[in-house]
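Enquirer: When you get a sec, could you give me coordinates for this:
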Amino acid sequence: MTGVCFPKARPPWLRSKRGGQMEFDGYAPSLGLAFEYHGEQHYARSPFFHRGPRAFKQRQQDDEQKRRLCRRRKVTLLEVPYRIPHHQVQVYLGSLLDYANLGVICDRTPIKISELNIWRRKDCNDMRALAVSRGGRLVSDYYISNSEKLRWRCTEGHEWEAVPSSVRRGAWCPICGDKRAAIKRAYTIEKMRTLAEAKGGVCLSANYSNVKSRLRWRCAEGHEWESQASVIIGGHWCPKCEQFRLGRKYALSLEEIQKTAKGRGGECLADNYLNTREKLIWRCAKGHLWRANTNSIRRGSWCPICAKTFRTNRRRCYGR
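Expert: Modelled structure (predicted):
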């Protein structure tokens, strides 16, 4: 714009109140001009940039010190907030120069960012691929940074702007998102009952507010529990039945359990069991009864009464 380079600079006089050397993002001594591009950490506390309130306050104090030193040295400091989109930075800087009334010749010919060597081609291609994987496309022609908004289009033709970081985290078309949310809100208690019936159960609640409502349910086995409507809509059902199913999937058969008990000279008195964490009734060779889960038995534990008797007799033996 000015025909003069603005390299990063650390003039000796630019120091914080603590004595630390500060830096300009760009400085042209011949024009008496410097500029700073201020990210969000200059305007609000951010855990990513600041360890605590004191760090943010120190950031603000350093910024004010930089302005103070520039005024003292008669250097005009141009500050560009991160909120200004990159395609509007040229116009914004032009307005700052006009306001400063420095008499600097400023070329207002529009600069095409896509023709500058400042955008990241690989990241742009990654974003295009990500958009295609969502059934849409990236409308923007270039990628500047993870926090610079890009324009997107979904499979329904809706267009919106969003930063790459949010799209990477899973965000997509806000219009489609609002429609899906409206559909979810449209559920009624009658639909909840129909949903439960389709699973062979019953919705016992009388009222429904939204998908976050905790409703009471009963499955075909008679188990009752409370769960958010969204969980049931998402395909989940009775937690006890699910626990029983998983228990059956990974548990030993009763024949294997009885074989383990017989190997110890005893037996397991259970006719069925849920999973390896469920406590069953066991009988040892001496007729003692106790409760324990199959996990502990398989790890080597057995009759606690016999074990206690053994320890008592051993102490008596050593005591003599």
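
Enquirer: ok, the residue nearest the centre of the chain to V163 distance?
Expert: By CA atoms, centre = their mean, the chain has its centre lying nearest to R169, at 7.2 Å. Separation of R169 from V163 (CB to CB, to the nearest Å) stands at 10 Å. In this view, the C-beta of every residue, glycine as well, is placed from N, C-alpha and C.

Enquirer: anything in contact with each of these two?
Expert: With CB atoms under 8 Å, 6 or more residues apart in numbering applied, the contact sets of R169 and V163 do not overlap.

Enquirer: all helices for the stretch 1-150 of the chain, in order.
Expert: Taking DSSP state H, counting those that start in this stretch, the helices of the stretch 1-150 of the chain run over residues 53-72, 89-100, 121-133.

Enquirer: how about these in TSV, adding distance to Q228 and mean neighbour count?
Expert: Shown next, in TSV, are the helices of the stretch 1-150 of the chain (distance: least, CB to CB, whole Å; neighbours: other CB atoms under 10 Å):
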stretch	distance to Q228	mean neighbour count
helix 53-72	36	14
helix 89-100	46	14
helix 121-133	29	14
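
Enquirer: I'd like those as JSON lines, with mean pLDDT and distance to G177 appended.
Expert: Formatted as JSON lines, those follow (pLDDT from 0 to 100; distance: least, CB to CB, whole Å):
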{"stretch": "helix 53-72", "mean pLDDT": "91", "distance to G177": "32"}
{"stretch": "helix 89-100", "mean pLDDT": "79", "distance to G177": "30"}
{"stretch": "helix 121-133", "mean pLDDT": "87", "distance to G177": "16"}
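
Enquirer: Return the backbone torsion pair for the residue nearest to the centre of the chain.
Expert: For R169, the backbone dihedrals (degrees, to the nearest 10) come out as phi -80, psi 0.

Enquirer: I figured E278 hits A292, correct?
Expert: No - the pair E278 / A292 is not scored as a contact, 10.1 Å apart, by CB atoms under 8 Å.

Enquirer: buried stuff in the strand or helix carrying I297?
Expert: Assigned by DSSP states H and E, I297 belongs to helix 294-298. Neighbour-count burial for helix 294-298, counted by 16 or more other CB atoms under 10 Å, picks out T294, I297.

Enquirer: How about N295, nearest residue that isn't a chain neighbour?
Expert: T276 (4.8 Å; CB to CB, 6 or more residues apart in numbering).

Enquirer: contacting residues for P304?
Expert: So P304 contacts W290 (CB under 8 Å, 6+ apart).

Enquirer: go on, C303?
Expert: C303 neighbours (CB under 8 Å, 6+ apart): G266, W282, C284, K286, H288, W290.

Enquirer: Most neighbours of all the residues you listed, which one?
Expert: W282 (24 neighbours; other CB atoms under 10 Å).

Enquirer: Under the pLDDT cut-off, which ranges of the stretch 101-250 of the chain? List them.
Expert: Low-confidence segments of the stretch 101-250 of the chain, defined by pLDDT under 70: 104-108, 111-120, 183-186, 246-250.
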